[in-house]
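S.K.: sequence below, structure please.
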Amino acid sequence: MSGGFVAIGEPVPRIDGRAKVTGQARYAAEIAAEGLVHGVVVNAAIARGRIVAVHDEQARAVRGVLDVLWHGHRSEAPQLAHYFGTGEDFSTVPVKPLVSDRVHYAGQPVALVLAESWEAARHAAGLVRIEYDAQAHATDLPRHHAQGRAPKELDEDTAPPKPRGDADETFAVSPVKIDAEFHQAAEHHNPMELHASTVVFEAGGALTVHDKNQGGHGTRRRLAKVFGLPESQLTLLNTFVGGAFGSGLRPQYNLLLAIVGALHLRRAVRVVLTRQQMFTFGHRPEIWQRVRLGAERDGTLNALIHEAVGETSRVDDYTEMVTRWSRTLYRSKSLRGDYRVLPLDLPTPLDMRAPGAASGLFPLEVAMDELAQALGMDPLALRLANYAERAPSGDKPYSSKKLRECYTMAAERFGWSRRNPQPRSMREGHELVGWGMASGQWIAEQEEAQVRVVWHADGHVDVETAASDIGTGTATVLAQVAASALGVRMEDVRVHIADTRLPQAPTEGGSSHVASVGSAVDAACEKLCKKAWQLARAMAASPLADSKFAEVEFVGGQLRRRSPEGGGLPVQEVLAASGADRLEAHFHLQPDEDEQGRYERAVHSAVFCEVRVDDAMGTVRVTRVVSAVACGRIINELTARSQVLGGIVWGIGQALHEGTLIDQALGRFMTVDLANYHVPVNADIHALEVIFVPEDDRIVSRLGAKGVGEIGGLGVAAAISNAISHATGRRIRTLPMTPDKVMAPVMA
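M.R.: Numbering: from 1, shown residues only. As a prediction, the model looks like this:
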């Protein structure tokens with residue numbers, strides 16, 4: 001970055017970084033509001049049954065307590081009678097609290113204490129005593145996975161792949177076969193910022209809502225439907241979000257209850273979940289899978305069969321893109337997939353970074369490694385032998401695909417050619433050394449988005465859109481796109497986001513925000529450039545009077561001809577000479593679904609890793625990871641690299657640490673704090689290297705960008721599993737791979 005002027009691809013630091021590290025940034029739980037009331041949630045203590053009685057007398061006697069709301073009490077307040085209706089349609093939100101006396105899972109919110117202080121509300125919540133009629137529950141997926149049923153609804157993404165050939169017969173006669181079962185424990189979102197909502201009751205009954213979510217407009221639509229309110233009465237702001245990773249895609253119960261409290265008291269109400277309560281809503285579902293691979297002795301895949309059973313709740317079917325990756329990653333003569341759900345007495349699962357892919361790619365990539373071992377073939381060579389130049393299902397061309405280059409560049413940087421393929425052949429001191437690799441793939445999507453860009457005569461630029469920034473660097477990238485397109489300095493661009501009063505933007509999820517909102521900003525800036533160029537041509541004695549728009553560029557604050565000898569004008573001078581105080585452009589991006597639908601659109605990665613295993617203790621250290629990623633044109637090298645590095649850390653967590661344990665007797669999660677739910681810490685992370693493979697995809701987006709947020713974590717857990725197998729000779733098919741599993745006898 002020179003003199004504040006930037007180009008696409010430069011590593012620009014985050015524009016909100018100073019506000020975050022100095023504490024100036026205000027999150028949803030920190031918004032000041034006059035007459036603020038604090039709400040604390042009471043959660044159900046049983047997994048299934050009914051509430052017989054709620055004894056709230058002691059709670060109401062606490063000084064400062066204003067009310068205790070629960071399903072039986074709410075009818076006493078006329079304005080509460082219609083909240084959520086009386087039925088239990090959970091299609092809009094994953095849970096509707098205070099609906100009835102039914103308990104669907106342990107941790108379900110069943111009461112809300114409202115008080116003048118958080119301390120009073122917290123103390124009173126502990127005094128609420130609830131009597132239950134407990135019923136038999138089921139929370140054990142491994143034990144009951146055979147009872148899984150077809151989901152009620154599946155879309156094109158979550159449906160299993162369409163069968164191709166007779167995969168079962170072909171598998172049976174294949175000369176080399178792999179048949180393996182896999183299990184992955186539930187994982188919980190644990191962003192630094194707890195879920196919180198501050199709802200301000202405005203004059204006339206309008207609500208201003210400060211909430212931790214990933215999309216204000218989407219959240220507002222859901223709330224309007226749930227509460228029967230016009231959207232115009234709701235203003236949603238999510239100015240700063242301290243991580244979300246999918247947990248903010250739908251309104252969580254803290255927001256629903258904060259609105260209930262605000263409407264009931266006609267005052268501002270804040271509800272903040274505790275760390276323990278962060279384990280009482282959606283999570284990455286526990287899942288059982290079986291993968292069968294049949295191959296010729298040269299490694300050619302004849303048959304690929306991928307079956308999965310994922311956990312869902314009793315009240316709603318939750319589905320993910322689990323088995324779709326088996327139709328897109330490798331060529332196979334025959335293919336069959338099956339995806340079922342098992343309703344359990346647990347909260348409805350929720351999207352978690354790379355939903356479906358993080359689960360579905362793990363068994364596929366481990367099975368490919370097992371097949372390579374059975375064939376006596378290099379795992380990378382096996383993948384190249386089955387490389388898909390076109391999408392295997394549907395025979396579509398890829399909009400862009402540089403997975404082969406990912407393999408080549410990452411393998412060379414890692415030193416893969418020096419690998420001794422024999423298990424237990426590499427050792428350093430008391431540790432066995434293993435090398436493993438895997439492939440990663442994620443979707444490349446673009447969503448509808450609107451932006452407004454205003455170029456002021458003083459040189460400042462305002463970029464306005466309701467887009468969210470959940471810590472990914474969205475605001476910085478949008479500023480960079482605008483600054484580069486208009487040829488102005490970064491410090492002259494002001495980005496206004498995360499407010500539903502601004503032009504509509506999609507929810508930030510699925511790694512599509514830059515391709516969507518960024519492209520809309522770029523298009524709006526092109527409109528402004530044309531307006532400025534027309535003004536410049538009309539100026540007296542203008543050096544651009546006879547120019548064509550294609551012949552000019554906006555660089556370094558200048559509007560000039562592209563030819564070296566061409567003249568130019570300072571843009572600020574052009575704007576000032578026009579007599580107008582501003583130029584404004586609005587752009588509504590609507591993806592060309594017909595054009596994009598002709599292509600398979602995806603991002604790809606190749607992950608190589610080194611592990612060191614203490615053979616006596618079963619402890620695993622991931623000492624080196626090289627990840628090569630092909631994710632379109634990189635807009636900001638710094639924020640993109642940060643996303644991939646964070647994804648790798650997630651993959652290490654998935655592989656070795658993260659798994660929520662369930663007390664099957666009580667039917668509830670046991671590991672509900674960060675002392676017992678383990679995540680990677682600094683001591684677990686060693687040498688991580690990211691390689692961006694050059695790629696430019698103008699089919700996915702006008703910027704050439706594709707998503708980078710999810711791909712970084714994919715393939716990592718499988719690569720670690722494969723490396724552990726190489727180090728120890730033990731094949732582990734369950735996640736997380738804790739020391740007890742690493743030390744277990746070799747699995748058949």
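
S.K.: which one is the residue nearest in space to the middle of the chain nearest to, not counting chain neighbours?
M.R.: Central residue of the chain (C-alpha atoms, centre = their mean): R353, 3.5 Å from the mean position. Distances taken as C-beta to C-beta, 6 or more residues apart in numbering place F245 nearest to R353, at 4.6 Å, with adjacent residues excluded. Yep, even glycine has a C-beta here, placed from its N, CA and C like the rest.

S.K.: do D338 as well
M.R.: Per C-beta to C-beta, 6+ apart, closest to D338 is E307, 4.4 Å.

S.K.: same thing with S393?
M.R.: In space, and not counting its chain neighbours, S393 is closest to R327: 4.0 Å by C-beta to C-beta, 6+ apart.

S.K.: and the one you found, how far from H306?
M.R.: 9 Å (C-beta to C-beta, to the nearest Å).

S.K.: so between these two, which is more surrounded?
M.R.: Counting neighbours by other C-beta atoms under 10 Å for R327 and for H306 shows that H306 has the greater number, 27 against 22.

S.K.: how far away is the more buried one from F171?
M.R.: For H306 relative to F171 (C-beta to C-beta), the value is 12 Å.

S.K.: any shared contact partners between the two?
M.R.: The contact sets of H306 and F171 overlap at R292 (C-beta atoms under 8 Å, 6 or more residues apart in numbering).

S.K.: low-confidence ranges in the protein?
M.R.: For the chain, residues meeting the criterion pLDDT under 70 lie at 1-2, 74-92, 94, 745-748.

S.K.: that older thread, give me the common contacts of R327 and H306.
M.R.: 161, 337.

S.K.: what about M743, how many residues close to it?
M.R.: Count around M743 with other C-beta under 10 Å applied: 16.

S.K.: my bad, should have said R143
M.R.: 10.

S.K.: picking up where we left off before, these two touch, right, the residue nearest to the centre of the chain and G248?
M.R.: No: if you go by C-beta atoms under 8 Å, R353 and G248 don't touch, sitting 11.8 Å apart.

S.K.: what number of residues are in the vicinity of G3?
M.R.: Counted with other C-beta under 10 Å, G3 comes out at 9.

S.K.: how far away is it from V495?
M.R.: G3 is 20 Å from V495, by C-beta to C-beta.

S.K.: kindly report the same for I652.
M.R.: For I652, the distance to V495 - C-beta to C-beta - is 33 Å.

S.K.: quick one: which of these two has more around it?
M.R.: Between I652 and V495, counting by other C-beta under 10 Å, I652 is the more crowded of the two (26 against 23).

S.K.: quick one: buried residues of the host helix or strand of the more buried one?
M.R.: Using DSSP states H and E, I652 maps to helix 637-656. Counting neighbours by 16 or more other C-beta atoms under 10 Å, one finds that the buried residues in helix 637-656 are 639-656.

S.K.: which elements pack onto that helix?
M.R.: Helix 637-656 sits against strand 620-630, strand 687-692, helix 716-728, with contacts defined as 3 or more C-beta pairs under 8 Å, 6 or more residues apart in numbering; DSSP states H and E.

S.K.: so which of the ones you listed is nearest P163?
M.R.: helix 716-728 (24.6 Å; C-beta to C-beta).

S.K.: quick one: residues contacting the residue nearest to R353.
M.R.: Neighbour list for F245: 189, 191, 352-353, 470 [criterion: C-beta under 8 Å, 6+ apart].

S.K.: of all those, which comes closest to V613?
M.R.: R353 (26.6 Å).

S.K.: and that closest one, what element?
M.R.: Going by DSSP H and E, R353 is not in any helix or strand.

S.K.: next one: L666
M.R.: Counting by DSSP H and E, L666 is part of no helix or strand.

S.K.: number of nearby residues for it?
M.R.: Neighbour tally, L666, other C-beta under 10 Å: 15.

S.K.: how about it, what does it touch?
M.R.: Shown in contact with L666 (C-beta under 8 Å, 6+ apart): 47, 106.

S.K.: next up, phi/psi of it, please.
M.R.: Dihedral pair for L666: phi -100, psi -20, per degrees, to the nearest 10.

S.K.: can you tell me how far it is from F5?
M.R.: Between L666 and F5 the distance, using C-beta to C-beta, works out to 61 Å.

S.K.: do the same with V477
M.R.: 16 Å.

S.K.: so these two - more neighbours on which side?
M.R.: Legend: neighbour count by other C-beta under 10 Å for V477 and F5, higher for V477 (28 against 17).

S.K.: that one falls within a helix, correct?
M.R.: Yes: per DSSP: H, G, I helix; E, B strand; the rest coil, V477 lies within a helix segment.

S.K.: now the helix holding I652 against strand 687-692, angle please.
M.R.: Helix 637-656 and strand 687-692 meet at an angle of 130 degrees, taking axes from the mean of the first three to the mean of the last three C-alpha atoms, to 10 degrees as the criterion.

S.K.: CA atoms of helix 637-656 as CSV?
M.R.: Presented in CSV, the C-alpha positions along helix 637-656 are these (Å, rounded to 0.1, in the frame of the first residue of the first chain):
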residue,chain,number,x,y,z
GLU,A,637,-4.0,-11.3,1.0
LEU,A,638,-3.8,-10.6,4.7
THR,A,639,-7.4,-11.3,5.7
ALA,A,640,-7.6,-14.3,3.3
ARG,A,641,-4.5,-15.9,4.8
SER,A,642,-5.9,-15.2,8.3
GLN,A,643,-9.1,-17.0,7.3
VAL,A,644,-7.3,-20.1,6.1
LEU,A,645,-5.0,-20.2,9.1
GLY,A,646,-8.0,-20.0,11.4
GLY,A,647,-9.6,-22.8,9.4
ILE,A,648,-6.5,-25.0,9.8
VAL,A,649,-6.7,-24.4,13.6
TRP,A,650,-10.4,-25.5,13.4
GLY,A,651,-9.3,-28.6,11.6
ILE,A,652,-6.8,-29.4,14.3
GLY,A,653,-9.5,-28.9,16.9
GLN,A,654,-11.9,-31.2,15.0
ALA,A,655,-9.2,-33.9,14.7
LEU,A,656,-7.8,-33.9,18.2
